[in-house]
Structure formats: structure tokens, C-alpha cells
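Peer 1: Fold the following, please.
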Amino acid sequence: MYKRAVLSVLAASVLSVVPAMAADGGTLSDAERTFLIEQMEMSKKAFLASIAGISEAQWTFKPAPNVWSVQECAEHIVLSETFLYDTAQQILKSPAVARPEKSNAEFDHQLAIGVQDRSHKATAPAPIDPVGKAATLTPADARKQFTGKRDQNEEYVKTTSDDLRTHVAPGPAGPMDAYQFLVLMATHTARHTEQIKEVQANANYPAK
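Peer 2: I've put the predicted structure just below:
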């Protein structure tokens, strides 16, 4: 199911959902909250580590004209953090439905693994595509902007009583609830941190 582009959902309407039904078990359990926070913390730590101490030459190095630099990967991550969180919030404005069968831990874990599978490529939608934008983001900017937004998003996850499990929209793995879009947000960071590491593993990557 993950052979489709991971972010293809973002071009679709997030409000195209099934008709409203009675909500059932939409708030997060302790286990659901813990899993998402763990994903957010792990991906945050890995991303920040990947750009720590990076030089200008390393930051802007492109292995090939059509391959993103570390700077472009970082800008995509920063833009996506807000974009995907806002997508989840928009989904919450859609009518509540009965909790979907796929709103369970097994599917959540499969989604997290599938998003991080770099063997399946994706095309970023225009709002979060760094290509062609003014390349002004510095490593310090990326760290500050990402950390600020991720910390806000994590605080939301820690404290929310929103019915994240009973608001649904089309996603890269079929219908997904708002919680699963937040799982997508967290693991999307991990996906593109791996892309940064691929750039850094290139034989021509500057030593400093």
C-alpha cells in the first residue's frame, strides 16, 4: 500500500470524508500518545544531529542537479512540520465518524515504517517543495524554526483531548485519521533525515 507516493495525499482535499456518524472512542489512549511522542522525539533528535556542525559547503552540496542538498532537505522538513500539523487540524473540522477499523496500533506502526521506506520515492507538493525557492535557510535557522514548531506540536500531543481518531481524510495508506496524519508528520521528518544522510554519504560530499 505504500508504493504510492507518501505525500500524494497532500494534493487531495482533506475534507473529502465519509458521511458523518456518531463518534466512538476518538480521544487518545496513553499508549497512542506515548507512541506518537516517541516518534516525534526520535525524529527530532536525529534531524538536529544530522545538521549539527555542518559547513556552508556541506549544507549546499548537491550530489546531482536533480538531487536535493542538505539545505533543501532541511527546508522541506521545516515546511512540512507546519503543513502536516495544519492538515491534521483541518481534518478535525470535518464531521466525526465511527472510529475506523484501521485506527489501531498495528496500522499506526505499519504506517510509521512505510513512511520511512526510502525505496519508494515521492514528489513534494508545491507548498513544501524547496526547489526553486530562495536558498536563504541556514543551519541555525533550520534548527530554530524546526525546534520551535516541533516543541509546540509535541506539547499539543501531550495535552490534547481532541477526538483525533474519529476524523478521517484520504491518505497515502487509504483513509487515515487525524492522529495518523500526526504520525505521518513525525516519521516524515525521519524519512528526510535519511535523505540527508544519503547526501552526506556521497563520495563527493565535502570533508568540511
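Peer 1: Please enumerate the strands of the chain.
Peer 2: If DSSP state E is used as the criterion, the strands of the chain fall at 168-171, 174-177.
Peer 1: what packs against the last one?
Peer 2: Spelled out, that is strand 174-177. Counting contacts by 3 or more C-beta pairs under 8 Å, 6 or more residues apart in numbering; DSSP states H and E, strand 174-177 packs against strand 168-171. Where you see a C-beta, it was placed from the backbone N, CA and C, and this is true even at glycine.
Peer 1: average model confidence for the strand it packs on?
Peer 2: Averaging pLDDT along strand 168-171 gives 94.
Peer 1: Neighbouring strands - and their directions - for it?
Peer 2: strand 174-177 (antiparallel) (DSSP bridges).
Peer 1: Y85 reaches L182, doesn't it?
Peer 2: Yes. Between Y85 and L182 there is a contact under C-beta atoms under 8 Å: 7.2 Å.
Peer 1: hey, what's in contact with both of the two?
Peer 2: Shared contacts of Y85 and L182, defined by C-beta atoms under 8 Å, 6 or more residues apart in numbering, comprise N153.
Peer 1: The residue most central in space within the chain and Q39, how far apart?
Peer 2: Residue closest to the average C-alpha location in the chain (C-alpha atoms, centre = their mean): M185, at 2.4 Å. Noted for M185: a distance of 9 Å to Q39, by C-beta to C-beta, to the nearest Å.
Peer 1: Pull the contacting residues for A46.
Peer 2: By C-beta under 8 Å, 6+ apart, the neighbours of A46 are 189-190, 193.
Peer 1: let me redo that: V183
Peer 2: Neighbour list for V183: 35-36, 39, 108, 111-112, 115 [criterion: C-beta under 8 Å, 6+ apart].
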